[in-house]
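>>> Next one to model:
(2 chains)
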Amino acid sequence: MNRKELADLLLPGITKTIEDYEKMYPERNLDEGAIVTRYAPSPTGLPHIGNLFQAFVSMHFAKQTNGVFYLRIEDTDQKRSIENGIEKIIKALNDFEIKFDEGVISETNEEGSYGPYIQSHRKEVYWSFAKYLIENDMAYPCFCSSEQLDEIRQKQEKYKSRIGYYGRYATCRHLSIDEIVKRVKNGEKYIIRLKSPGKFDNKFVFNDCIKGKMELPENDMDIIIIKSDGLPTYHFAHLVDDHLMRTTHVIRGDEWLSSVPIHTQLFRMFNFKVPKYAHLAPLLKDDNGTKRKLSKRKDPEASVSYYHEQGIPKEAVILYLATIANSNFEEWMETNKDKTLDDFKMEFKKMNSASGALFDLEKLLNISRNYLSKLSASDIYNRVLNWANEFDLEFKELLEKYKEKSIAIFNIEREQAKPRKDYSCYSDIKNQIWYMYDELFEKMDKNYEFQKIVEKQEIVNILDTYINEYYDINDDNETWFNKMKQMADKLGYASNMKEYKNNPENFKGNIADISNVIRVALTTKSMTPDLYQIMKILGTDNIKERFELVKNI
RNA sequence: GGCCCGUUGGUGAAGUGGCUUAACACACAUGCCUUUCACGCAUGCAUUCACGAGUCCGAAUCUCGUACGGGUCACCA
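All right, here's what the predicted structure looks like:
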């Protein structure tokens, strides 16, 4: 039996050759320098923020070079796949405006002419490539059981050798064709291993787009390429898919860095062009002084759904990820206010090549605050309503019932050159403005935060004086403010802060103290947006009611 | 344990031999402004780049050693 026949025996029923596939999936016709890259998750769960980061960076590079960004599903580990994993991934990414040019678009559909894009649907492709290796004496079947592999491992541990299937430990490597045939016909189970041509003592040098020049030992492991379920391992699928799908840049987590010698070896054995590699450092979390990878199990903020639930706008999350990717992004944004993220030229060289960045939620919230402050009141209204529809139905009803009023509330100190920045996410908002809605005001436990003036009698006196002698709902801002001053003077409080600071003993207090009484009487809080506008929105009836409430405590 | 990578303030970082008295942003602190808060403005926050040695007229930047952190060594990706 020759090698060709052996290959047929081991991987039967394959009709296409690798040349056929070369023709089916020709080089892409793209601009010079166009980057073809992909996001290639396993459908084992929801994406986490690190996955989103990776997808965002990949998409951005493809976009800025007029390249292609596609979604490939790596479901070769059938045991770990979850139900509807693909839909969940696509939706989660979609929430953050990650859009694919090509690849899987739903559980049952795909787009593009380089598919199928789901690895479990590509078995015959992998087999065809594996057959090529067997035919050319570059791969062989291995009959070792897991017990035998354990034995080898134990021996290696005992003699302090490197662990793995290589060199003289690779017992199946030297089986004769006759013996292989005999054992196959005997019904023995086998997997396919690479016959690695590498030597561990040889240095392998390559250039990572992010980490720069790397020096690693050559791969000499006879790694598994086809598992006993007939599906390929990651390494082999990477070779076949990224070659056939004409990926130019493999952007992935740096846990893959040490496998580059394997991958490069694989590409070279087929005489394929090796793609460029860009290894991303993971997002870290400070855990009592030590840094560790963000973990979906321990850290709520690791899960992308967290941002959705908290109501942190997707744009803010992406902006933050952009600053992690290239730390000059913020400065660029500052000096290019007329441009958008899409105009930003991201560079591999500027990526963090070190061990990883701490994920800084504070910073994200700050970005979010700035972002939200620039939106119009009706924009905010729509977004909050949208959020509340999913996460706070009580608030949603109020927003719908009082649409105009709500927009007016959001507009306080907003559409101006230096807007207020007091919301960092949608879930913040209700806590800050509940007192504007009677329904909420009535049911809330009221903790009046009176500051300087706390005697009941004086409070009542101020409220009565104000409502009887000065209050007029039709006053404009300036008139309103002047009246506050007049009242201050009348009641013995300083209307001019400078005068008060120079001679505090001449006054009972100052205008700020009086304002505080009115503010707290209306809202219970000592910190609120502009009082004048709050009063305008509340209206006369409300104001009077709330004053009465305080007087009757 | 072997192999690989990394270590600049509380955080993200700029910086790759002299333009650095180490940028910028977040956080923090103080002051100003202000009827409150926020905004804004101003100031402060690493006499020093993990530590030790070396090269050099000159080192955060180059070399070596030590310490610490991360990654990887599966029929998981």
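>>> did I read that right, residue A:365 in a helix?
Yes - going by DSSP: H, G, I helix; E, B strand; the rest coil, the assignment for residue A:365 places it inside a helix.
>>> Need the three-state assignment for the residue nearest to it when sequence neighbours are not counted.
If the residues on either side of it in the chain are set aside, residue A:365 comes closest to residue A:424, at 4.2 Å by C-beta to C-beta, 6 or more residues apart in numbering. Heads up, the C-betas are built off the backbone N, CA and C, glycines and all. Judged by three-state DSSP, the three-state class of residue A:424 is coil.
>>> Can you give me every residue that contacts the residue of the stretch 1-150 of chain A at minimum distance from RNA strand B?
Closest to RNA strand B within the stretch 1-150 of chain A is residue A:74: 3.1 Å, counting by C-beta to the nearest atom of the strand. Residues near residue A:74 by C-beta atoms under 8 Å, 6 or more residues apart in numbering: A:40, A:41, A:42, A:119, A:234, A:237.
>>> can you tell me which of those residues are in strands?
Residues of the contacts of residue A:74 located in strands (DSSP state E): none.
>>> where's the residue nearest to residue A:76 when sequence neighbours are not counted relative to RNA strand B, distance?
Distances taken as C-beta to C-beta, 6+ apart put residue A:231 closest to residue A:76, at 4.4 Å, once the chain neighbours are dropped. Distance of residue A:231 to RNA strand B, computed by C-beta to the nearest atom of the strand, to the nearest Å: 6 Å.
>>> Got phi/psi on residue A:231?
Backbone geometry at residue A:231, expressed as degrees, to the nearest 10, gives phi -90, psi 150.
>>> and what of residue A:425?
Taking degrees, to the nearest 10 as the convention, residue A:425 sits at phi -160, psi 160.
>>> Number of residues surrounding it?
20 (other C-beta atoms under 10 Å).
>>> just to revisit the earlier point, PyMOL command to pick out the buried ones of the contacts of residue A:74?
This is how PyMOL selects the buried members of the contacts of residue A:74, with burial counted by 16 or more other C-beta atoms under 10 Å:
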select buried, chain A and resi 40+41+42+119+234+237
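>>> that older thread, can you pull the contacts of the residue nearest to residue A:365?
Contacts of residue A:424 (C-beta under 8 Å, 6+ apart): A:312, A:365, A:366, A:368, A:369, A:372.
>>> do residue A:343 as well
Taking C-beta under 8 Å, 6+ apart, one finds residue A:336 in contact with residue A:343.
>>> now do residue A:211
With C-beta under 8 Å, 6+ apart, residue A:211 has these contacts: A:254, A:257, A:279, A:353.
>>> Do you know the pLDDT at it?
Residue A:211 carries a pLDDT value of 87.
>>> What about it? Give its phi and psi, please.
phi -80, psi -10.
>>> for residue A:258, same thing?
phi -70, psi -10.
>>> Assess the claim that it and residue A:216 are in contact.
Yes - counting by C-beta atoms under 8 Å, residue A:258 does reach residue A:216; the two are 6.7 Å apart.
>>> Tell me which of those two has more neighbours.
Shown here are residue A:258 and residue A:216; by other C-beta under 10 Å, residue A:216 has more neighbours (16 against 13).
>>> That one should be in a helix, yeah?
No - counting by three-state DSSP, residue A:216 is not part of a helix but strand.
>>> Who are the packing partners of the lowest-mean-pLDDT helix or strand in chain A?
Sorted by mean pLDDT, DSSP states H and E, the helices and strands of chain A end with strand A:290-293, the least confident at a mean of 76. Under the contact criterion of 3 or more C-beta pairs under 8 Å, 6 or more residues apart in numbering; DSSP states H and E, strand A:290-293 touches strand A:283-287.
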